[in-house]
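In: when you get a sec, could you give me coordinates for this:
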Amino acid sequence: MSTIPPSSPRRQDGAATREQLLRAACEIFAEHGFDRASGRQITARAGANVAAINYHFGGFETLYAEVLAAAHAKIVGLDELIEIEGGPGHAATKLRALIDLAVKSVTSLDETNWALRILRREFQAPSPAFHILEDREMLPKRAAARRLVAEIAGWPEDDPRVARIVLSILSPVDAVLLGDPDVMLRSYTALSEEPVAATKLAEHLFAFALGGIAAVTGKSDLLAHLPPPLEI
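Out: Residues are numbered from 1 along each chain as shown. This is a model prediction of the structure:
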């Protein structure tokens, strides 16, 4: 009977080095941005030789693409969205869970969070690696939301009306994620006074989303899935 040979020490060391490089790159890119970071800064912090980035990632830009994907996944994981989508219950209930997850994930981030700093920089000035972030993280997550909306509305996924609804639902979440928090609070001062702001914001966005879907589809029965009127 054959047995699987144990991993060699060299292979284990290689995986550890790759992980150290990725962790160091997350820190360096958060501190300096893509344009001002260097491979030497990353390898020095990781305690690796200067050729390690090419060996483990194939190049500096590819490493940055991995960091972008890791940043987006840290905020909202695709696996979490897929789990919600495949769970039991009405699609409206799943949409509420998706909005809850997105809002609470975004609003829980501290301004010093490395993932938040990297993504804000990237959206303000997209790098050549932006398309990889779109393909690996953003588009699959948008697709999960689109499938739920299409199911609720009873329309095909590629219907332009579905795309407009998804845009209406996710744009406020993107605004909280990518906007300047000081400007946001100056513009909407009452938000800073709410003791459970994330929960109330999620409930509000879901009520507007489902109410909007009911309005554009004419499916008034959807209103049965709305939460009770929100208290101030």
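
In: look up how far E157 lies from T43.
Out: Going from T43 to E157 by C-beta to C-beta, to the nearest Å gives 44 Å. Heads up, the C-betas are built off the backbone N, CA and C, glycines and all.

In: tell me which helix or strand of the protein sits lowest on mean pLDDT?
Out: helix 181-187 (a mean of 78; mean pLDDT, DSSP states H and E).

In: just after that one, pick out the following helix or strand.
Out: Using DSSP states H and E, the next helix or strand after helix 181-187 towards the C-terminus is helix 197-217.

In: what pLDDT, on average, does that following helix get?
Out: Across helix 197-217, pLDDT averages out at 93.

In: cool, and stretch 17-26?
Out: Computed over stretch 17-26, the average pLDDT equals 97.

In: what does that stretch contact?
Out: Contacts to stretch 17-26, defined as C-beta atoms under 8 Å, 6 or more residues apart in numbering, come from residues 37, 42-43, 45-48, 52-53, 56-57, 63-64, 66-67, 70-71, 114-115, 118.

In: now which of those would you call buried?
Out: Neighbour-count burial (16 or more other C-beta atoms under 10 Å) is assigned, among the contacts of stretch 17-26, to 37, 42-43, 45-46, 48, 52-53, 56-57, 63-64, 66-67, 70-71, 114-115, 118.

In: in what helix or strand does F34 lie?
Out: Using DSSP H and E, F34 maps to helix 9-36.

In: in that helix, which residues are buried?
Out: Under 16+ other C-beta under 10 Å, the buried positions of helix 9-36 are 17-18, 20-30, 33-34.

In: try stretch 199-207
Out: 200-203, 205-207.

In: okay, the residues you listed in JSON lines with distance to A150 next?
Out: JSON lines is the format used below for those (distance: C-beta to C-beta, whole Å):
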{"residue": "K200", "distance to A150": "28"}
{"residue": "L201", "distance to A150": "25"}
{"residue": "A202", "distance to A150": "22"}
{"residue": "E203", "distance to A150": "23"}
{"residue": "L205", "distance to A150": "19"}
{"residue": "F206", "distance to A150": "17"}
{"residue": "A207", "distance to A150": "20"}
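
In: how far away from the center of its chain is the least confident helix or strand of the chain?
Out: 21 Å (C-alpha atoms, centre = their mean, to the nearest Å).

In: just stretch 176-196 next, same as before
Out: That offset, for stretch 176-196, works out to 19 Å (C-alpha atoms, centre = their mean).

In: distance of A24 from T43?
Out: 8 Å.

In: and A144, by the same measure?
Out: 37 Å.

In: what's the answer for Q20, then?
Out: 10 Å.

In: thinking again about what came up before, tell me the buried residues in the least confident helix or strand of the chain?
Out: By 16+ other C-beta under 10 Å, helix 181-187 has no buried positions at all.

In: sorry, back to before: from the contacts of stretch 17-26, which ones fall inside helices?
Out: Counted as lying in helices by DSSP state H, out of these, are 42-43, 45-46, 52-53, 56-57, 63-64, 66-67, 70-71, 114-115, 118.

In: low-scoring stretches of this protein, by residue?
Out: Filtered on pLDDT under 70, the chain yields the residue ranges 1-12, 191-196, 230-232.

In: domain map for it?
Out: As given by automatic domain parsing, the domain ranges for the chain are 9-58, 73-225.

In: what's the offset of the shortest one from the middle of its chain?
Out: When you say that, I think you mean domain 9-58. With C-alpha atoms, centre = their mean, you get 23 Å for domain 9-58.
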